[in-house]
Every structure is written in structure tokens, then in C-alpha cells.
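**Student:** have a look; sequence and predicted model below, questions after that.
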Amino acid sequence: MELSPVNDIALLGIGLLTGVTTVLFGFGGGFVAVPVVVWADAALGADAMRVATATSALVMLVNAAFATAVTQRRVLAGLRGSGVLMLLMAVGGAVGALATRYAPDGLAHWAFIAYVALTIIDLLLRPGFLRPASPVGDDGEAPRPLPAALGAPVGAVAAFLGVGGSVMTVPAMRRAGHPMKVATALANPLTFVIALPAAAVFLGSASAPSAAHTPVHLAGLIDLRAAAALLLGALPVIALLRRRPPRIPDRVYAWSYIGLLGVVVLAMLVAG
């Protein structure tokens with residue numbers, strides 16, 4: 001693939017942002033990577049969204065694996081007993097990735113925008129995210145585990161849209177009683193189990209038909225050069241922020257999460 005130096009620099013810069021969102025919001029890079037790869041690979045036309053979704057899966061896989069590896073064990077203990085949930089997420093991830101191969105052109109793009117927009121509305125209006133029914137941690141009760149039944153649908157939607165799953169798991173864990181810093185940290189291992197089978201499916205898929213007429217060279221449906229540029233920017237940031245995490249008040253943290261979702265919706269509208 002022969003991206004221009006401007007594209008390379010832009011992807012590297014966005015990679016820095018994906019590192020920040022991986023640590024602070026558990027996104028693994030998906031929400032940030034999808035709009036920027038749609039922009040960088042616009043020459044693919046209708047196939048740009050498929051390639052962006054696939055590339056996002058690989059970026060999320062690596063970012064989430066690294067972020068999980070440097071997360072404290074006592075934090076990860078919050079997922080103890082979630083084996084069935086994670087298994088179903090992996091199955092859903094494979095199904096969602098396969099579905100992108102047969103979806104009509106443009107469906108994933110507009111579904112991405114609609115899903116994130118509806119999520120923002122839900123977080124603003126329904127109690128439990130910005131306005132918990134009781135202050136997080138004040139009732140003395142342990143946070144509730146996520147229902148295993150959420151696994152397959154979360155994995156399928158996350159892989160189909162390239163969003164990783166944190167947009168579903170973070171609000172759910174927040175409403176279950178976790179503070180934002182824990183909910184976002186636990187989103188990374190959940191993103192990993194979704195992205196692993198999804199990335200494998202995308203790597204084994206036939207390249208996008210439009211790629212034959214553009215300078216974009218793919219491995220399956222994944223733009224490896226774009227993924228490498230994003231990861232080159234992200235991984236050092238993840239290592240730094242995990243060692244020295246910023247201290248953000250819980251309510252400000254929650255508002256920041258919603259604000260980032262809003263920025264992503266605007267970016268996808270512009271990219272479309």
C-alpha cells in the first residue's frame with residue numbers, strides 16, 4: 001500500500017489517540033480507527049467501511065491484549081466467573097465478522113452511526129450511567145457480574161461494526177456497580193476475546209474487490225499498513241498511561257466517555 005506521507009503521519013497521530021482511548025475508555029481503538037481508516041482508504045469506495053471494520057479488529061486485538069497484560073491483576077479479578085460470557089462473545093465476534101462479507105454496501109456505515117447515536121441518548125436519559133441509582137461503591141455491595149446471555153449479541157454487533165464491544169460493556173458494568181476506571185479497564189479483555197476471532201475471519205477473507213483498482217494492498221480485508229501506523233502510535237501511549245494513569249473524577253470520566261462518542265458520530269458523518 002502506498003499511502004502518502006500525510007496519511008502516514010495522520011494515522012500515526014490518530015494511533016496516539018487510540019492509545020489514550022484504549023486505556024481511558026476501553027475502546028481498544030475501534031471507535032477511533034474506523035472513521036480514520038474510512039478516510040484513509042476512501043479510494044476503495046463502498047468497500048472502505050468493510051476494510052475499516054476489519055483493520056479496526058486487528059488494531060483492537062493488539063491494543064486490548066497489551067492493555068490487558070499491563071492491567072493490575074486485582075482489577076482483572078472483576079471478570080472472575082465470566083468464562084461463559086467471554087466464550088459467547090468470541091462466538092458472536094466470529095459471526096459478526098462473517099456477516100460483514102454479505103451485508104449490503106453502506107449498511108455497516110450507517111448502522112455504526114445509528115448505534116453510537118442511540119447509545120449516547122441511552123446514556124444521557126436512562127439512570128445508572130451519569131446518575132447511578134446509588135453512588136458507586138457506597139452501598140457496600142459487590143458489583144454484579146454481566147449476564148452471560150449478553151455475550152453473543154455483544155460480540156456480533158461489536159465485530160460487525162468494528163467497535164470492539166466497550167460501548168456496550170462499559171455502560172453495563174457501570175450500571176452493575178463498577179466505577180468508570182474499573183469498567184473501562186475490564187472492557188479491554190472483553191474486547192480482546194471479540195477481536196481475536198473477528199480478526200482471524202477478516203484475515204482469511206477475500207480482499208475487497210475495489211482494492212484491485214487502487215494503491216491499497218490488503219491482507220484479507222485488513223489494511224496492514226494502516227493498522228501498523230495506528231499501533232505504532234498507540235502502544236507506547238498505553239504503556240505510559242497504564243504506569244501513570246491520570247486521576248479523573250468519576251462523573252467527569254462518564255461525561256468524557258459520552259463526549260468522545262459524540263465526536264466519533266460526527267467523524268463518521270463527515271467521512272460518509
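**Tutor:** Thanks, I have it.
**Student:** excluding covalently adjacent residues, which one is nearest to D223?
**Tutor:** In space, and not counting its chain neighbours, D223 is closest to T55: 4.7 Å by C-beta to C-beta, 6 or more residues apart in numbering. Just so you know, the C-beta spots here come from the backbone N, C-alpha and C atoms, and that holds for glycine as well.
**Student:** count the residues that sit near the one you found.
**Tutor:** For T55, the neighbour count with other C-beta atoms under 10 Å is 32.
**Student:** any idea which element it lies in?
**Tutor:** Using DSSP states H and E, the element containing T55 is helix 48-69.
**Student:** so which elements touch that helix?
**Tutor:** Contact partners of helix 48-69 among helices and strands, from 3 or more C-beta pairs under 8 Å, 6 or more residues apart in numbering; DSSP states H and E: helix 5-25, helix 30-40, helix 83-100, helix 107-125, helix 151-161, helix 180-203, helix 224-243.
**Student:** of those helices, flag the one that's most buried.
**Tutor:** Mean neighbour count (mean count of other C-beta atoms under 10 Å) peaks for helix 30-40 among these, with a mean of 28.
**Student:** now that one and helix 180-203, what's the angle there?
**Tutor:** Our comparison of helix 30-40 with helix 180-203, counting by axes from the mean of the first three to the mean of the last three C-alpha atoms, to 10 degrees, yields an angle of 40 degrees.
**Student:** mean confidence for helix 30-40?
**Tutor:** In this model, helix 30-40 has a mean pLDDT of 79.
**Student:** repeat for stretch 201-216
**Tutor:** 76.
**Student:** what's in contact with that stretch?
**Tutor:** By C-beta atoms under 8 Å, 6 or more residues apart in numbering, the residues outside stretch 201-216 that reach it are 1-2, 41, 43-47, 50-51, 53-54, 57-58, 94, 97-98, 100-101, 217-223.
**Student:** generate a ChimeraX selection restricted to the buried subset of those residues.
**Tutor:** The following ChimeraX line selects those of the contacts of stretch 201-216 that are buried, judged by 16 or more other C-beta atoms under 10 Å:
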select :41,44,47,50,51,53,54,57,58,94,97,98,100,218,219,220,221,222,223
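**Student:** follow-up on the earlier one: isn't the residue nearest to D223 up against A227?
**Tutor:** Yes. T55 lies in contact with A227 (C-beta atoms under 8 Å); the separation is 5.1 Å.
**Student:** give me the next element, helix or strand, following the helix holding T55.
**Tutor:** Taking DSSP H and E, what comes next after helix 48-69 is helix 73-76.
**Student:** remind me what that following helix packs against, helices and strands.
**Tutor:** With contacts taken as 3+ C-beta pairs under 8 Å, 6+ apart, helix 73-76 sits against helix 180-203.
**Student:** so the helix it packs on versus helix 224-243, what angle?
**Tutor:** Angle, helix 180-203 to helix 224-243, by the same axes, to 10 degrees: 160 degrees.
**Student:** give me the angle between helix 180-203 and helix 5-25.
**Tutor:** 130 degrees.
**Student:** got the CA coordinates for helix 180-203 in CSV?
**Tutor:** What follows is helix 180-203 as a C-alpha-only set of coordinates in CSV (Å, rounded to 0.1, in the frame of the first residue of the first chain):
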residue,chain,number,x,y,z
MET,A,180,-15.6,4.2,35.4
LYS,A,181,-11.9,3.4,35.8
VAL,A,182,-12.6,-0.2,36.5
ALA,A,183,-15.4,-0.6,33.9
THR,A,184,-13.1,0.8,31.2
ALA,A,185,-10.2,-1.4,32.3
LEU,A,186,-12.3,-4.6,32.2
ALA,A,187,-13.6,-3.6,28.7
ASN,A,188,-10.1,-4.5,27.3
PRO,A,189,-10.1,-8.2,28.0
LEU,A,190,-13.7,-8.4,26.7
THR,A,191,-12.6,-6.5,23.6
PHE,A,192,-9.8,-9.0,23.1
VAL,A,193,-12.0,-12.1,23.1
ILE,A,194,-14.3,-10.4,20.5
ALA,A,195,-11.4,-9.1,18.3
LEU,A,196,-9.4,-12.4,18.2
PRO,A,197,-11.9,-14.5,16.1
ALA,A,198,-13.0,-11.4,14.2
ALA,A,199,-9.5,-10.6,13.1
ALA,A,200,-8.9,-14.2,12.1
VAL,A,201,-12.1,-14.2,9.9
PHE,A,202,-11.1,-10.9,8.3
LEU,A,203,-7.5,-12.1,7.6
